[in-house]
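A.B. asks: Provided below for reference: sequence and predicted model.
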Amino acid sequence: MRIRALLWVAIRQSRLRLVESSLIVLGIAMGAAVVTAFASLIASAGTQVRAFAESPLAREISVVPREEDYMALWQTTGGFVPAVPVGPAGVAPARLTMGDIARVRDAVTSARHVYTYHYGGLSFQPKSAASGDDTGEEGSVTTGVSSPSTGGASLLQQRGFVGIIATVPEYFRAYGLKLREGSFFVDSDVTSGAKVIVLGDRLARRLFGDASPIGRELVTDPSSPGGQAESLGRGARGYQVIGVLMPASGASSAERDRRSMSVGPLDYLDDLGFVPLTSMAPYSGQVGASTGAGTGTDAGTGADADVQVPAVYVMPPSADESAVTLDELRRFAERDYQDRVTIRSEIDEMKRALREMRSQALGGVLLASAGLVIASINILNLMLARVLRRTKAIGVSVALGASRRDVFAQLLAESLVLGVAGGVVGVVLGYAATSLMSRVTQGLSASVGTWGVLAGVGASLVASAVFGVYPAHLAARTVAVDALRRD
Amino acid sequence: MLPSVVLASAYHNVRRRPLRSVLTILQIGIGIACVVSVLSYRTSLSAGINRVARESEDIVVASGGSETRTESGGWIRETYAIFSDEDAEALLASPDVEAVSPVAPQALLIVEAEGMRYLVRAGAAVGPDYARVYGLEMAEGAFIARSDVESRSNVVVIAEALARVLFGSRPPYVGKTITVLPNGRAMPETPGVAGAHPSVAYKVIGVFRDDEAKASIPFISPMRDIALMLWPTTAGPSAVAPGVPGAAKAVMSGTSAAKLYAYPYTTMAIKAAAGRNAAVRELVKSMVLGRKRPGRPQSAPAASGADDGDPTPGTDDSAASIVFETPADAARMFMEAISSLTLLLGGAVLIALVVSGIGILSIMMVSVVERSREVGLRRALGASRAAIVAQFTFDSVALSLAGGVLGVIASMGLYPLLQSTIFAGAGFFVRAFVTPYPSPVAALAGLGLAAAFGALFGLLPAVQAARVEPAEILREL
């Protein structure tokens, strides 16, 4: 029989039993909707993971003294670990210094950038009540949007608590950060512990609006750690703004929309300030009397070779070459540091986490497909009943010359028609389900993508085909004589 | 109609179309298995968390400082030290307070024990009443005593889990030594820099039993992790003779581990009398009223009292404020975080159940059409409409109940499977809470749901059946 005739008969048969067919379609639609929503969720999670994997954050490799490897405490899955061993007692704890940065840079030739940074915070003095100037002059941080309407205006703006990355100039190159205004700080600033600051894009706008912040000063709050170290007699308490960055994700906000992500992996950098490592506690105690005989050479040689750093970070040139860099780095660490440092590759961590999530996804697939499986059993059940009901009619068509294949194809076509209809309706329902779902899972802004549609329609097609085979087979086995003999 | 007739009729019908009945039972079984599993998960989790919340309802942790939510949804906490020993005594004088202990937490300690060096998750310098505040049970030895504090002895009390890691599973642990190294990041070797301190050897005088459930709930700020090592406030690196104005240090949360602490104290842990949580908070607030944030220059007189850290614009923010925590709140917040996952699962499972209901409905409808002759005959012989409806509804309920039983049995296998996959991935060490087998409550609920769905979705076809006109059927005979 020709395909079109097949389909036509199938549709007509379904229309004959409209209520029954509608119920079947409804059941499949609901099952398919769940599958669609779930597939969309997984797909958008995958997009985010891919975006992260392509960002510098993922390529970064960290070298940390074992005593400082806090991540080790959180490595174990499904268990509360009170302590992790880091080595034998009595050995001096490994300390990494600027000199180590230089050593790693020389030894690991495949690394593109070697740097360090420390993630902390500083409290800047808010505008004092005395100076009634709102445009944020020297010595204060504007209170930002603190109109009465935003009554509980975030303390962030009032007290000027800012996340800070204390680092070296190489950091900006490693993360591909570009300047909107002003300049970066340089190696001699690190050597001398100069109090300069580069602002992230959003931070600059929040503190200074559209005015240029270059040259302005941010005064640290004496009751904050940064301020504390200062009040121990080190002179000027303010940080001078010398630069403003462009948005960290560059011009890719359009790309982000395309990938339906609300937050790029590097976006958090826009809210931060960047200062030389040695300008902030707890590292500021190290440079002092040694006036930065800043010869402008690479950090790590000369005056600041002994400045302790929290970790050494290595950025390979690309994600593919990270394995090479990691290898080189591991061999170097074995030679020079023995067992006293831990080397962590973000990509490896991510892969490990993903592997663990695989079993989760499996369980999720199980639950998500439950609805569809039930609906498919329904198809089976009802198709069997149909075959039973139409025994006589089938007998007649067989007697009139229909082949087994024809009968089989006919009945299977009926199942498939219902399945496809259910799938299509299911995908439509899936849109609603997905938007409902994204309200609940705040992290993932899921939307039905091609994967979702494919999964929904495909699953219902396959399910209806599989579960429709048996009834079709039964029908094809009809013997005309017996069928016609029935009443 | 006699029950026996109804039963016999139902049985007969099942036997007539065995495959159909089996398939229907299977549909319901799958749906109910999913429902029971997810329900079990949810009920055991909330039971466990509620227990923890109940047991810590009367614990008030007050820290000088303020907390803000950042734009990206995280928290930033500033803390400063504003409590003194006199404050502790003043609090104890109140009938609402049962016990008070200062707490100076230090996260991420480097310790050495029996020749090995370890990184320990969290520890704290505390007062002798800490055990009373948190209800710690000693497995061995004794807790820090007042005499220890007064003599400034370097003693330590550790959690059982930590003892096992450091010393192996071979009690007794009392008498062993733990050496605490200076925290690398504080760069202690530079003299004159705040935080410099040498390594200190502590003697273990007690081991306390840990509650894995309580330890599993993450608190908001990592500093509030369960302290595994406790030493007197006057011992070791935190030792500053009372009365000496130590430099008041602000402590940062969440990021750097530059923990510096001295007297005065940043945090007080208070055990309130039953139900007096709110009253104790007021007490602390009024006690702190008028104090300044340490290090603040004297500016406009403090107009506002200490609040929970959210002064209105224009208020003098050199006034000290307090952040309150009750472990019970953290427990509840944890519950909310879990809720989104269970909501998702619950939604998927509910849909599965509805689909199985649709399954019953459709197959019952087909059944009704097939049995219209039987119905017509019975009506002609005197059966009432109600009897027909009852019959068909009963058939439907019987099938669903059978499906429910199948589902409950299947959930015995499905639940552990889901536990090792999805539920484990909730990510908060939920193992301490969830039971290995589905809860009986959930099983009962599953059976009930099955019966209800059977009745609900079987009613319409049953009513349809009853509408059959006997005359028409008899005509066809």
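C.D. replies: Sure thing, it's come through.
A.B. asks: buried residues in stretch A:400-418, which are they?
C.D. replies: A:402, A:407-418 (16 or more other Cβ atoms under 10 Å in any protein chain shown). No exception for glycine: its C-beta is placed from N, CA and C like everyone else's.
A.B. asks: redo those residues as CSV? Include distance to B:Phe334 and secondary structure.
C.D. replies: Formatted as CSV, those follow (distance: Cβ to Cβ, whole Å; DSSP: H, G, I helix; E, B strand; the rest coil):
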residue, distance to B:Phe334, secondary structure
A:Ala402, 65, coil
A:Val407, 60, helix
A:Phe408, 56, helix
A:Ala409, 57, helix
A:Gln410, 57, helix
A:Leu411, 53, helix
A:Leu412, 51, helix
A:Ala413, 53, helix
A:Glu414, 51, helix
A:Ser415, 47, helix
A:Leu416, 48, helix
A:Val417, 49, helix
A:Leu418, 45, helix
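A.B. asks: which of those sits closest to chain B?
C.D. replies: A:Leu418 (11.5 Å; Cβ to the nearest Cβ).
A.B. asks: right, and the closest one touches A:Ile28 too?
C.D. replies: Yes: between A:Leu418 and A:Ile28 there is a contact at 6.9 Å, judged by Cβ atoms under 8 Å.
A.B. asks: what is in contact with those two at once?
C.D. replies: A:379, A:464 (Cβ atoms under 8 Å, 6 or more residues apart in numbering or on different chains).
A.B. asks: run the chain-centre distance for the longest helix along chain A.
C.D. replies: Using DSSP state H, we find that the single longest helix of chain A is helix A:346-389. In terms of Cα atoms, centre = their mean, to the nearest Å, the centre of helix A:346-389 is set 24 Å apart from its chain centre.
A.B. asks: make sure B:Ala125 is indeed in a helix.
C.D. replies: No: per DSSP: H, G, I helix; E, B strand; the rest coil, B:Ala125 lies outside any helix segment and is strand.
A.B. asks: which residues in the stretch 101-250 of chain B form helices?
C.D. replies: B:130-134, B:146-151, B:160-167, B:212-216 (DSSP state H, counting those that start in this stretch).
A.B. asks: for the record, mean pLDDT for the first one?
C.D. replies: For helix B:130-134, mean pLDDT rounds to 84.
A.B. asks: same check on the last one?
C.D. replies: Mean pLDDT, helix B:212-216: 60.
A.B. asks: can you give me the neighbour number for whichever residue of the stretch 251-400 of chain A sits closest to chain B?
C.D. replies: Closest to chain B within the stretch 251-400 of chain A is A:Gly363: 2.8 Å, counting by Cβ to the nearest Cβ. By other Cβ atoms under 10 Å in any protein chain shown, 21 other residues sit near A:Gly363.
A.B. asks: I'd say it and B:Tyr415 touch.
C.D. replies: No: with contact defined as Cβ under 8 Å, A:Gly363 does not reach B:Tyr415; the gap is 11.1 Å.
A.B. asks: is it true that B:Thr267 touches B:Asp87?
C.D. replies: No: the pair B:Thr267 and B:Asp87 does not pass the contact test of Cβ under 8 Å, sitting 11.5 Å apart.
A.B. asks: settle it for me: which of these two has more neighbours?
C.D. replies: Neighbours were counted for B:Thr267 and for B:Asp87 using other Cβ under 10 Å; B:Thr267 has more, 26 against 20.
A.B. asks: next structured bit after the strand or helix carrying A:Val198?
C.D. replies: Following DSSP states H and E, one finds A:Val198 within strand A:196-199. Next helix or strand after strand A:196-199 toward the C-terminus (DSSP H and E): helix A:201-208.
A.B. asks: centre of the chain versus that next one, how much separation?
C.D. replies: The answer for helix A:201-208 is 25 Å, by Cα atoms, centre = their mean.
A.B. asks: what number of residues lie near A:Glu181?
C.D. replies: A:Glu181 - counted by other Cβ under 10 Å - has 16 other residues nearby.
A.B. asks: now it: how far from A:Phe208?
C.D. replies: Separation of A:Glu181 from A:Phe208 (Cβ to Cβ, to the nearest Å): 11 Å.
A.B. asks: then B:Leu447?
C.D. replies: Distance from B:Leu447 to A:Phe208, by Cβ to Cβ: 66 Å.
A.B. asks: please apply the same query to A:Leu400.
C.D. replies: With Cβ to Cβ as the criterion, A:Leu400 and A:Phe208 are 88 Å apart.
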